[in-house]
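Chemist: My questions are about this predicted structure, shown below with the sequence.
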Amino acid sequence: MAFKDIIGQEIPKKILISQLRENRIASGYLFHGPEGVGKMLMAKTFVKAINCEEIKEDSCDSCQTCKEIDVSQNLDFEIIMPEQSIKIAQIRALKTRYAYKNTWLKKRVAIIKDADKLTEEAANSFLKILEEPPLQTIFILTTSKLDAMLSTIRSRCQEVRFRKLASEEIEEVLQKQQISEQMIHEVSTQANGSIIRALKLLSPENEKLQNITIKFLHYSLSDRIRMLEELTPLEHKELLLLIQELYANLLRKKLGLSVDNKIELKKELTMEEILRSIVVCERAFYAFSRNVQKKFVLFELSKELL
């Protein structure tokens, strides 16, 4: 994909295209913003645009270099992905590889996805690379948890901020899916600005999670805790998103706004009770961002939600 094909994120696009035009490419970038809003897509497109054989300010998507980067098959380009975390061994291997001069690309690039998951040891090791970056080398870090990044790493990178996508932008992306206009509209309004969230809402697993959420909210405390024990960490996060969506919709209804809400509570809540529940959800999301174990966050949520 080229910059011209990316929907939304106009400010990051303008920043990066301007640097390509003026040949002012930094050695380190930190792309930060909510999950699922296009940080990795923009990073990969930037890598192609830097090295494209045909175009100066974008990627042509047809030259050999662009094709190789698209499928991550160029020896001068790599993406470091976390499992549970990004470990010191991965950074040491990167150091060893980048001790040699780049061979295939104009500029060698490593993208570090979810860089907030660098262990302390790995982060300190990577900091040394940033302090004395190899020639013709660029590092692009992505994170949805900016506060979890070392300030010393942040200070050595150019920060590029990504925002949530507008529902209209998500609708435009979803037009490529074989789904009805009504479904596209429903999903785009529920996606909370995230393409990944929108695609999850379209997956068969979403109906299962909707049912889990209904049961969770109607269960007693002991049954809620038993249910949490049976869910995966990913399902824990999705459950919280659906709960937050429910209370946000209840608030909209109280304010007289039209909503399409598929999850209802047995009990009618007051405005004060709804707002209190929204605050509980926000606290849970904050704990998630601080890498507190999701299951234990949701245990506390279970006790406090109405």
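Modeler: Ah, there it is.
Chemist: quick one, what contacts residue 194?
Modeler: 34-37, 164-165 (C-beta atoms under 8 Å, 6 or more residues apart in numbering). Every residue, glycine included, has its C-beta placed from N, CA and C.
Chemist: and if we set it to 10 Å?
Modeler: Shown here is residue 194, whose contacts under the criterion C-beta atoms under 10 Å, 6 or more residues apart in numbering are 34-38, 144, 164-165, 170, 200-201, 241.
Chemist: top of these by neighbour count?
Modeler: Among those, residue 170 has the most neighbours (other C-beta atoms under 10 Å), with 29 neighbours.
Chemist: can you give me the helices for the chain?
Modeler: 10-22, 39-51, 64-70, 88-97, 120-131, 151-155, 167-174, 181-190, 195-202, 204-218, 221-230, 233-254, 271-289, 294-304 (DSSP state H).
Chemist: Can you check what angle separates the second one from helix 195-202?
Modeler: For helix 39-51 against helix 195-202, the angle by axes from the mean of the first three to the mean of the last three C-alpha atoms, to 10 degrees is 130 degrees.
Chemist: in helix 39-51, what's buried?
Modeler: By 16 or more other C-beta atoms under 10 Å, the buried positions in helix 39-51 come out as 39-40, 42-51.
Chemist: which one of the helices of the chain is the most hemmed in?
Modeler: Per residue and on average, the most neighbours among those fall to helix 39-51, with a mean of 23 (mean count of other C-beta atoms under 10 Å).
Chemist: Would you quantify the distance from residue 232 to residue 295?
Modeler: 10 Å (C-beta to C-beta, to the nearest Å).
Chemist: same thing with residue 118?
Modeler: Counting by C-beta to C-beta - residue 118 and residue 295 are separated by 23 Å.
Chemist: List the contacts of the residue lying closest to residue 86 once chain neighbours are set aside.
Modeler: Spatial nearest neighbour of residue 86, chain neighbours left out: residue 118 (4.7 Å); criterion: C-beta to C-beta, 6 or more residues apart in numbering. Applying C-beta under 10 Å, 6+ apart to residue 118 gives the contacts 80, 82, 85-88, 90-91, 112, 124-127, 141, 143, 148-150, 153.
Chemist: same deal with residue 165?
Modeler: Counting by C-beta under 10 Å, 6+ apart, the residues that residue 165 touches are 7-9, 34, 36-38, 171-173, 188, 191-195, 197-198.
Chemist: Next, the contact list for the spatially closest residue to residue 231 that is not a sequence neighbour, please.
Modeler: With sequence-adjacent residues excluded and distances taken as C-beta to C-beta, 6+ apart, residue 231 is closest to residue 239, at 6.7 Å. Counting by C-beta under 10 Å, 6+ apart, residue 239 touches 209, 212-213, 216-217, 227-228, 231, 294, 298, 301.
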